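**Student:** Here's a sequence, model it:
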Amino acid sequence: MSQTDLQELEDENAVQGEGEEFDEENRLKPEFVRAVRDALEEEDESRAYELVEPLHPADIADLLELLEPGERRELASAITDLMTGDVIAELNDYVRESMVEALPASAVAEIAEQLDTDDAVQLIEDLDDEDQQAVLAEMDAEDRAAIESALAYPEESAGRLMQRELVAVPEHMTVGDLIDYLRDHDDLTTEFWEVFVVDHRHRPIGTCQLSWVMRTPRHIPLTDVMKRDQTLIPTDMDQEEVALRFQKYALISAAVVDESGRLVGQLTVDDIVHIIQEEAGEDALLMSGAGEGDINEPIRDAYFARVRWLIANLGTALVASLIIAAFGAAIEKLVALAILMPVVASIGGNAGTQTMAVTVRAIAMNQLTKSNTRRMLWREFRVALLNGVTVAALIGMATAVIFTPQLGAVITTAVVINIVTAGLAGVAVPVIFERLDQDPAVASSVFVTMITDSMGFFAFLGLAVAAGLAV
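**Tutor:** Residues are numbered from 1 along each chain as shown. Modelled structure (predicted):
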């Protein structure tokens, strides 16, 4: 038996049997992915289908993302009936966009009609206007109207994200009327957790969980068992604020209302989980100026997203360089200054990054507002002072032993000054961004780094000159 035959046998054995496609962390095994690739390379579509068929739609989406663009199209062609709307909905945005663009408008429309409105909108919204219109023209009038209505709302708003599929009933019903209504109307959505009760103007006045309905006698009016207190989400609310509402009030679902207070849709917790994950990752990436940071993002887009902040960083680094240049003569006379300068700047930069991360998170979670900004500044000042004294004492003693006690005292003072400055800057920079209606996570680190580097060099070199160490 040849080496190639042995490898193929190993790959086949590795992917046979339930659960053997995954490792202990529930990720697709490299052997399984390689087996699928080999089947595609050999144009054995039946083998590729056999391998993929047992997978959950989310795992099929993961598999597609692991393949090269050409391999994705080949696999999609081999498993046509497995490429359901659920698979498309789980795909990474960039992967989904590239695959959808390769499909005819009729095929995209067919997939969109299988999805809930929010997932269908996500599928169509990134297409060019011309492609959008072509897809919408292929859809049923009702589905087309729902998607066009959603696209009219701003991106990342509740109106764009909400599901139109819900159950709403008038307030005069009894529990028995509601049960009969649910049984008699086959066109109602099949997946829901609660029923919305509305008045004659279609404004939500309460909700009934299905568990309440099933355990309540038929003759009881809905108004006697429904929950009147509810969190209503305006259609124009940003998705980040929506996620905070769900987290704060422990919501499973919530009604979405238009400007007149009419019920137009609902948001459910499964949508919010995706939003929370997306927002958390977005803030972390924006703090570094890395753009969207998606490994499937086109190289050109990644380049433009990152290079502008690197150029900005180059400009801010020049500020620190000018400070060093101003003390060039002192550095020439005392080489120890050049050795220790990076230590002061680095410690300050790390301290600033810590505080900035805490601040950005506090702003995102609505924990930091105008009413407690001063308290936050005072708190971080005290934390920075304690950190500064602790770290400065260590570096000061080491410097005194290795170099001179006088230089140890200088670096001790400079480190305290820089860490305190870093703490204040780590709060102030994101807050200033937020006050200017800008995302506080957007490249705040560039400016905090400039402040900590500049202050570190200035404090250390300035104190050294003032102490006469470089005379």
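**Student:** How is this protein divided into domains?
**Tutor:** The chain breaks down by automatic domain parsing into domains covering 3-161, 168-270, 299-466.
**Student:** Isn't Pro221 up against Thr174?
**Tutor:** Yes. Using Cβ atoms under 8 Å, Pro221 makes contact with Thr174 at a distance of 5.4 Å. C-beta coordinates here come from the backbone N, C-alpha and C atoms, glycine included.
**Student:** Who has more neighbours out of these two?
**Tutor:** Neighbours around Pro221 and Thr174, counted as other Cβ atoms under 10 Å, are more numerous at Thr174. The numbers are 18 against 14.
**Student:** which residues touch that one?
**Tutor:** 218-222 (Cβ atoms under 8 Å, 6 or more residues apart in numbering).
**Student:** can you check Gln239 too?
**Tutor:** 156-158, 161, 275, 279.
**Student:** Out of the contacts of Thr174, which sit inside strands?
**Tutor:** Counting by DSSP state E, these place none of their members in strands.
**Student:** Gly468: neighbour count?
**Tutor:** Count around Gly468 with other Cβ under 10 Å applied: 8.
**Student:** cool, and Ile363?
**Tutor:** When neighbours are defined as other Cβ under 10 Å, Ile363 has 21 of them.
**Student:** Let me see the confidence value for it.
**Tutor:** pLDDT, Ile363: 82.
**Student:** so where's the stretch 201-350 of the chain shaky on pLDDT?
**Tutor:** The stretch 201-350 of the chain contains residues with pLDDT under 70 at 278-296, 305, 309-310.
**Student:** Please repeat the previous calculation with a cut-off of 80.
**Tutor:** For the stretch 201-350 of the chain, the stretches flagged by pLDDT under 80 are 274-317, 320, 332-333.
**Student:** Strands along that one, start to end?
**Tutor:** Assigned by DSSP state E, counting those that start in this stretch, the strands in the stretch 201-350 of the chain fall at 204-209, 233-234, 253-257, 263-268.
**Student:** Turn the ones you listed into CSV, including distance to Arg34 and mean neighbour count.
**Tutor:** Below are the strands of the stretch 201-350 of the chain laid out as CSV (distance: least, Cβ to Cβ, whole Å; neighbours: other Cβ atoms under 10 Å):
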stretch, distance to Arg34, mean neighbour count
strand 204-209, 48, 20
strand 233-234, 46, 20
strand 253-257, 42, 23
strand 263-268, 38, 23
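**Student:** Compare the ones you listed and report which one is nearest to Asp143.
**Tutor:** Nearest to Asp143, of all those, is strand 263-268, at 14.5 Å by Cβ to Cβ.
**Student:** Determine the set of other helices and strands touching the closest one.
**Tutor:** Applying 3 or more Cβ pairs under 8 Å, 6 or more residues apart in numbering; DSSP states H and E, we find strand 263-268 packed against helix 158-161, strand 194-198, strand 253-257.
**Student:** Of these, which is nearest Val358?
**Tutor:** helix 158-161 (28.2 Å).
**Student:** what's in contact with the closest one?
**Tutor:** Contacts for helix 158-161 (Cβ under 8 Å, 6+ apart): 118, 121, 125, 150-154, 233-239, 242, 256, 264-265, 267, 271, 275.
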